[in-house]
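Enquirer: I'd like to go over a predicted model; first the sequence, then the structure.
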Amino acid sequence: MSAPTRRQIFETRQRRRANGIAAASTCAVLVSVVLLVPLAPGWEAVQRSFFNAEVFANTFPGLLNAFLLDVAIFAWCAPLIAALGLLVALARDLRTPALYPVRLLAIAYTDVFRGLPVILVIYLIGFGIPGLGLPRPWNSPYIWGSLALILVYAAYVAEVIRSGIESIHQSQRAAALSLGLSGADTMRFVILPQALRRVVPANMNLFVALQKDVALLSFIGPVEIFRQAGVYKSLMANFTPYVGAAIIFLAITIPATRYADYLMNITRRTQS
Amino acid sequence: MPTLSLHDVRKSFGGNRVLDGIDLTVRTGEMICLIGASGSGKSTLLRCMNLLEPIDDGRILLDGADISEPGLDPQPIRARIGMVFQSYNLFPHMSALDNVMLAPRRVRGLTREALRGPCAALFERFGLSDRMAHYPDQLSGGQQQRVAIIRALAMEPEIMLFDEITSALDPELVGEVLDVLRDLRGTGMTMVLATHEMGFARDLADRICFLDQGRICEEGPPSEIFSRPREARTRAFLSRVLQGGMAG
Amino acid sequence: MTLRATSAFCLALCGLGVAAQAQDSCASGKTLTEDTLTIATGNPAYYPWVMNDAPESGEGFEAAVAYALAAEMGFSAEQVRWVRTSFDQSIQPGAKDFDINLQQFSITEEREKMVDFSIPYYSSAMAVLTTQRVIDEGATATIDSLKGLLWGADANTTAVPMLTGLIDPARAPLLYGDNTDVTAAMQAGQIDAALFDLPTALYLSAVVLNDGAILGQFPADRSDNPDQFGMLMEEGSALKECVDAALTRLTESGQLAEIEAEWLSQTTGVPVIE
């Protein structure tokens, strides 16, 4: 191993200095939060209402159990969202005149469902369609609530995939067509594989959002974690169960978001 | 026997007339070099020959059949005419071998097994046997362009079109690609090239076409065009290019 | 100038003295605003607790109780101010914007750790709200029959633990954010039955549901875990003692029973679940 160069010595010293300053300022902020917030006059009441150890211990296992329902709803929605999003993205790319109505429908669909609050769609579909008089089990809020989530999120996924398709340079299409490939084969073997790879991080972010929005299904009946927390809150007149639910959500969403950012960085690096 | 002939071909983009009445006949086994300044219409002409761009007016005949008929399915025609681009345009998500095999599998319906031998032979012939499993971003520009040529050849085209295929390469990589063209020339492949490699064009082309403002301003054997150009514009272009070449 | 200011100050002092005399001393200085009793109700407030979502009219059981209580505590009707809160607002930590809050809050031991409740002003029977279709399909007012139904409830109410405690349904109940959503789910056939306090159940059955029906009730005087409504106050509220005393007087004088008879009279005649 050779001796460090002058530049390396300089950079090491700079780095040490920067780390020191960062550590000191972080500590200062942490200490002031930990010391000052409890000095606020209402802190004791807030602590009792939101950070109540006893309530937390009593409700956390129940919340964890309820979260399994969130995971299950996510698990059956996600693949359907991916499939429908892909179909809609492809439908928006149709150039055949006979299929123009399909294209128009796809455009209207993405516009409408991206323009509506998720909760509104869940109410309208979750209560509205079963209200038409469907027999059980076909009127289940699980089915129609999931459909609402699928419709909304597939609209976003479709837009993301379409932007991916459009980001593939025209020369790739030209190269494929010049080889005699059909338009469909060009899309399937050349454009789409590249486009999908490129939009993985954006879609990851959408699916993180989906995992959170699953909680909205609670408005039409299913007792998932948000609703379970609400029941505990009501019974105990205490908001700590919500904090418990938040911790469970973060345990899933923070790693997922970090991972999406990591993928995004890789994609950016390989593209430049 | 004429293979591909163009008659009064016209093409505009917006109000911009890019091809303004092109007449050209490409005979079997012939190698034609298109020269001219950037924007003179060389690339557009090649793309029209391959039906990547529909022409506005005129006709393009392949073995006597009109392939420029509006509404005609361009796919089978494109399969008979190979094209190589300036920017290689390999599919980055596929290995070199898969790049080459895709079109024969999908268009000609051949299996991987059936294609393995012929494809390996092509890679071997162009010195890339050890690069078949590599992805495009693991290959140099020259290697990528050679894979692109192999990809076009794997469709066993009757004509090959080359659109300034050495322009994007580092100077030291140009030679290996030109060698491939020489090799192809030796097999009697019918070829049309848009090129700035004047030395190459002079040595190998059967005919040179000088394009200017969407027209073929002058055409003839290289000896005539490079030594005794008739048109003032040809002379002006050549002196500019050759001086630039000297200076470079 | 000085003279005029002094006399104005005197007048103001006199005015205060008159107001102070007009009210029971127990609430004095303990309300949010002096000489005003700030009472919270739901948003919206439901029939028959408050008629037409207008508590100022004094019509409806809780509105009438509120005015009777205010009078008992020495406030005139003009000195009562109404505000609206959701359930969550009423239990959030920090300064409350009401003195007392009436919206069918059930008194529970666990809630009492966080907020103060008055003594009960109403003991509610719990009733099974359902639709005629479910009854036609054979549901009866027996625990065995009820166990087999698909249940719903308002997640913010004590109906949730009572469902488990009284009925223990075979399938997990579906829970909703408010009455309207419970009835929407029932209308959509997603649930068979829901548990509500009896007056609310009667209202929903008669007015909101298309073919609503009350299958039966669990009477209020059942031995364990009766559902009793209390007025909610801030934890450690200075007013609690005063409110409790006034409520006790209203109960003993029979006035509370009269108000109940006036506004909640239909609650008799619903079959009792065995």
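Expert: Thanks, I have it.

Enquirer: Break down chain B into its strands, ranges please.
Expert: Assigned by DSSP state E, the strands in chain B fall at B:2-13, B:16-27, B:31-35, B:57-62, B:65-66, B:81-84, B:159-163, B:190-194, B:207-212, B:215-220.

Enquirer: One more: the stretch 151-274 of chain C?
Expert: Using DSSP state E, counting those that start in this stretch, the strands of the stretch 151-274 of chain C run over C:151-154, C:174-176, C:193-197, C:212-218, C:227-229, C:232-233.

Enquirer: Quick one, which of those gets closest to B:Leu6.
Expert: Closest approach to B:Leu6 among the strands of the stretch 151-274 of chain C is made by strand C:174-176 (72.6 Å; Cβ to Cβ). For every residue, glycine as well, the C-beta is placed using N, CA and C.

Enquirer: hmm, that closest one in reach of chain A?
Expert: Yes: Strand C:174-176 reaches chain A (Cβ under 8 Å from any Cβ of the partner chain) through C:Leu174, C:Leu175, C:Tyr176.

Enquirer: Determine the number of other residues adjacent to the second one.
Expert: The one in question is C:Leu175. 31 (other Cβ atoms under 10 Å in any protein chain shown).

Enquirer: quick one: it and C:Ala155 touch, right?
Expert: Yes: when contacts are counted by Cβ atoms under 8 Å, C:Leu175 is listed as touching C:Ala155 (3.9 Å).

Enquirer: Please identify every residue contacting each of these two.
Expert: A:Val223, A:Arg227, A:Gly230, A:Val231 (Cβ atoms under 8 Å, 6 or more residues apart in numbering or on different chains).

Enquirer: which SSE is C:Leu69 in?
Expert: Assessed by DSSP states H and E, C:Leu69 sits inside helix C:61-72.

Enquirer: Tell me the one among the residues of strand C:174-176 next to chain A nearest to chain A.
Expert: C:Leu174 (3.2 Å; Cβ to the nearest Cβ).

Enquirer: can you list contacts of stretch C:135-142?
Expert: Counting by Cβ under 8 Å, 6+ apart, C:128, C:130, C:145-146, C:149, C:192-193, C:213, C:215-216, C:271-274 sit against stretch C:135-142.

Enquirer: Please apply the same query to stretch C:251-258.
Expert: With Cβ under 8 Å, 6+ apart, stretch C:251-258 has contacts from C:Val65, C:Ala68, C:Tyr121, C:Leu247, C:Leu250.

Enquirer: need the residues you listed in a markdown table with pLDDT, can you?
Expert: Compiled in a markdown table, these are given as follows (pLDDT from 0 to 100):
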| residue | pLDDT |
| --- | --- |
| C:Val65 | 94 |
| C:Ala68 | 94 |
| C:Tyr121 | 93 |
| C:Leu247 | 93 |
| C:Leu250 | 93 |
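
Enquirer: Within range of chain C, give me the residues from chain A.
Expert: Within reach of chain C by Cβ under 8 Å from any Cβ, chain A has these residues: A:42, A:45-46, A:48-50, A:127, A:130-131, A:133-136, A:139-141, A:218-223, A:227, A:230-231, A:233-239.

Enquirer: Just the buried residues of these.
Expert: A:45-46, A:48-50, A:127, A:130-131, A:134, A:139-141, A:218-223, A:227, A:230-231, A:233-239 (16 or more other Cβ atoms under 10 Å in any protein chain shown).

Enquirer: For B:Arg151, see how far away the residue nearest the centre of chain B is.
Expert: Centroid-nearest residue in chain B: B:Phe162, 1.6 Å away (criterion: Cα atoms, centre = their mean). Noted for B:Phe162: a distance of 13 Å to B:Arg151, by Cβ to Cβ, to the nearest Å.

Enquirer: Then B:Leu173?
Expert: Taking Cβ to Cβ, one finds B:Leu173 at 18 Å from B:Arg151.

Enquirer: And A:Ala195, by the same measure?
Expert: 21 Å.

Enquirer: Which residues of the stretch 151-272 of chain A lie near chain B?
Expert: Neighbours of chain B within the stretch 151-272 of chain A, by Cβ under 8 Å from any Cβ: A:171-172, A:174-182, A:185, A:189-190, A:193-194, A:197, A:270.

Enquirer: Go again with 6 Å.
Expert: A:171, A:174-175, A:178-182, A:185, A:189-190, A:193-194 (Cβ under 6 Å from any Cβ of the partner chain).

Enquirer: which non-adjacent residue is nearest residue 127?
Expert: Since no chain was named, I'll use chain A. Ranked by Cβ to Cβ, 6 or more residues apart in numbering or on different chains and with sequence neighbours excluded, the top spatial neighbour of A:Phe127 is C:Ala184, at 4.6 Å.

Enquirer: Please refer instead to chain C.
Expert: Counting by Cβ to Cβ, 6+ apart, the residue nearest C:Ala127 is C:Ala201, at 3.8 Å.

Enquirer: Name the spans of chain C whose pLDDT lies under the cut-off.
Expert: C:1-25, C:222-225, C:266-268 (pLDDT under 70).

Enquirer: repeat for chain B
Expert: Counting by pLDDT under 70, chain B shows low-confidence ranges at B:1-2, B:244-248.

Enquirer: Tell me where it has helices.
Expert: Taking DSSP state H, the helices of chain B run over residues B:42-49, B:75-80, B:96-108, B:112-125, B:141-153, B:171-186, B:198-204, B:222-227, B:232-247.

Enquirer: who wins for proximity to A:Ile150 among those helices?
Expert: A:Ile150 lies closest to helix B:96-108 among the helices of chain B, at 32.2 Å (Cβ to Cβ).

Enquirer: tell me which residues of the closest one are tucked away?
Expert: Under the neighbour-count criterion of 16+ other Cβ under 10 Å, helix B:96-108 has B:Ala96, B:Leu97, B:Asp98, B:Asn99, B:Val100, B:Met101, B:Leu102, B:Ala103, B:Pro104, B:Arg105, B:Arg106, B:Val107 buried.

Enquirer: what do you get for stretch B:181-193?
Expert: Residues B:Leu181, B:Leu184, B:Arg185, B:Met189, B:Thr190, B:Met191, B:Val192, B:Leu193 are the ones in stretch B:181-193 that count as buried (16+ other Cβ under 10 Å).
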